[in-house]
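Enquirer: Coordinates for the following, if possible.
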Amino acid sequence: MTICWTTSSASAAFLQRLAKLGFRRGLARLAAGIGCEIPVQCGPVPFKLDLAKPYERHLLLGLDEAEVIRVLTTFLRDGDSAIDVGANIGFHTAIMAALVGAGGRVYSFEPNSSLRGRLDYIVAGNPLRNISVFQSAVSDEDGDGVLQVSSVAGLSSLGKDWSPATTVRREAVSTIRLDRFIEEHGMKSLKLVKIDVEGHEAAVFRGLARTVDRRLVKAFVFELTPPNHGAYSRRVTDEILLALESSGYSFWAPNQKRAVCRRAILDEPSLLAPGYNLAAIREPVGWMDQSELLT
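Expert: Residues are numbered from 1 along each chain as shown. A predicted model of the protein is given here:
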């Protein structure tokens with residue numbers, strides 16, 4: 001299944017068309033010249049992109065998040081339920097909502113209070129009425145935490161060592177375990193959980209241990225800490241991978257479009273570059289060519 005996003009901004013739409021035709025050089029700089037928030041639609045679901053910010057310019061032009069989008073569009077269908085952990089501006093939340101339709105449900109978690117308005121805009125204008133937003137950080141304990149809020153989009157984290165050079169403030173936030181959330185909401189299955197929490201992934205999975213053991217989730221897509229990052233830990237990476245593998249999940253590298261084994265991820269993490277996104281899938285599906293397993 002494919003998904004696309006459109007905008008009523010004529011200049012932004014023109015640059016978007018050029019990007020789809022393969023013209024990439026200089027487009028981000030031209031988009032920066034628009035320099036404002038523009039309305040965008042993913043199917044019927046509205047959101048905004050602030051073209052004054054590099055990350056959001058790249059989203060408009062399709063220069064970022066292609067790996068995650070590939071997994072979302074592969075798995076999500078009308079009527080499915082999904083969770084977006086670390087929703088940020090709501091880009092993936094909007095795509096998920098469009099994919100699961102009015103019969104589905106998206107649960108979106110984002111602790112950064114300065115982003116709540118962006119998420120509320122999506123919810124208020126969404127005719128599908130299928131998004132629930134929670135201003136909480138997902139972790140391995142129910143309680144309180146401290147969010148290190150970054151000046152750079154997407155780098156805020158509960159980990160104090162994740163991006164200290166860009167931290168502009170610290171914000172008290174509530175924390176929640178997804179095991180409890182899933183049980184309290186009576187969920188018997190989830191098609192997909194997306195996790196992007198800047199180095200806090202291991203804690204998220206510890207708070208999901210019962211759900212993983214019960215194999216309630218068809219697929220996870222999550223970001224691993226790059227090996228050149230100061231917070232990288234082979235031990236922590238293996239903790240995540242081993243827990244998933246032990247519960248019957250297989251791994252798929254979206255950038256390579258093929259299966260990859262745990263040992264390869266640990267010994268050659270650059271296989272996942274540039275985005276370091278990984279999918280864990282409960283049951284291999286057709287496009288997971290085991291004959292091309294990266295070992």
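Enquirer: Could you verify that residue 79 is part of a strand?
Expert: No - applying DSSP: H, G, I helix; E, B strand; the rest coil, one finds residue 79 to be coil, outside a strand.
Enquirer: what's near enough to touch it?
Expert: When contacts are counted by Cβ atoms under 8 Å, 6 or more residues apart in numbering, residue 79 touches 100-101, 103-104. The C-beta positions use only the backbone N, C-alpha and C, and glycine is treated the same way.
Enquirer: Now the two most distant members of those.
Expert: Spanning the widest gap among these are 100 and 103, at 7.3 Å by Cβ to Cβ.
Enquirer: Between these two, which is the more surrounded one?
Expert: residue 100 (24 against 12; other Cβ atoms under 10 Å).
Enquirer: Can you list phi and psi of the nearest residue to residue 198 once chain neighbours are set aside for me?
Expert: Counting by Cβ to Cβ, 6 or more residues apart in numbering, residue 198 lies nearest to residue 157, which is 3.7 Å off, once chain neighbours are set aside. Here is the backbone geometry of residue 157 (degrees, to the nearest 10): phi -160, psi 160.
Enquirer: what pairs with residue 157 across the strands?
Expert: residue 148 (DSSP bridges).
Enquirer: residue contacts, it?
Expert: Residue 157 neighbours (Cβ under 8 Å, 6+ apart): 147-148, 150, 163, 197-200.
Enquirer: just residue 203 next, same as before
Expert: Residue 203 neighbours (Cβ under 8 Å, 6+ apart): 139-140, 158.
Enquirer: Buried ones in stretch 191-204, by neighbour count?
Expert: Going by neighbour count (16 or more other Cβ atoms under 10 Å), the buried part of stretch 191-204 is 191-204.
Enquirer: quick one: terminal-to-terminal distance for it?
Expert: 17 Å (Cα to Cα, to the nearest Å).
Enquirer: Return the distance of it from the chain's centre.
Expert: 8 Å (Cα atoms, centre = their mean, to the nearest Å).
Enquirer: any idea of the mean pLDDT for that stretch?
Expert: The pLDDT scores in stretch 191-204 average 96.
Enquirer: just to revisit the earlier point, out of the contacts of residue 203, who has the most neighbours?
Expert: residue 139 (24 neighbours).
Enquirer: phi, psi of that one?
Expert: Given degrees, to the nearest 10, the pair of backbone angles that residue 139 has is phi -150, psi -160.
Enquirer: likewise residue 203?
Expert: The phi/psi pair for residue 203 (degrees, to the nearest 10) is phi -70, psi -40.
Enquirer: Stretch 27-34: which residues count as buried?
Expert: 27-28, 30-31, 34.
Enquirer: nope, stretch 88-106 is what I was after
Expert: For stretch 88-106, by 16+ other Cβ under 10 Å, it's 88-101, 104-106.
Enquirer: repeat for stretch 3-16
Expert: 5, 7, 9, 12, 15-16.
Enquirer: Closest one to residue 262 out of the residues you listed, please.
Expert: Using Cβ to Cβ, the buried residues of stretch 3-16 come closest to residue 262 at residue 5, 34.3 Å.
Enquirer: Name the next helix or strand following the helix or strand of the chain with the lowest mean pLDDT along the chain.
Expert: In the chain, the helix or strand scored least confidently by mean pLDDT, DSSP states H and E is strand 258-259, which has a mean of 91. For strand 258-259, the following helix or strand on the C-terminal side (DSSP states H and E) is helix 262-267.
Enquirer: partners of the very next helix or strand once past that next one, with directions?
Expert: For helix 262-267, the following helix or strand on the C-terminal side (DSSP H and E) is strand 277-281. Taking DSSP bridges as the criterion, strand 277-281 sits next to strand 217-223 (antiparallel), strand 250-253 (antiparallel) in its sheet.
Enquirer: So what's the gap between the last one and the chain middle?
Expert: Translated: strand 250-253. 16 Å.
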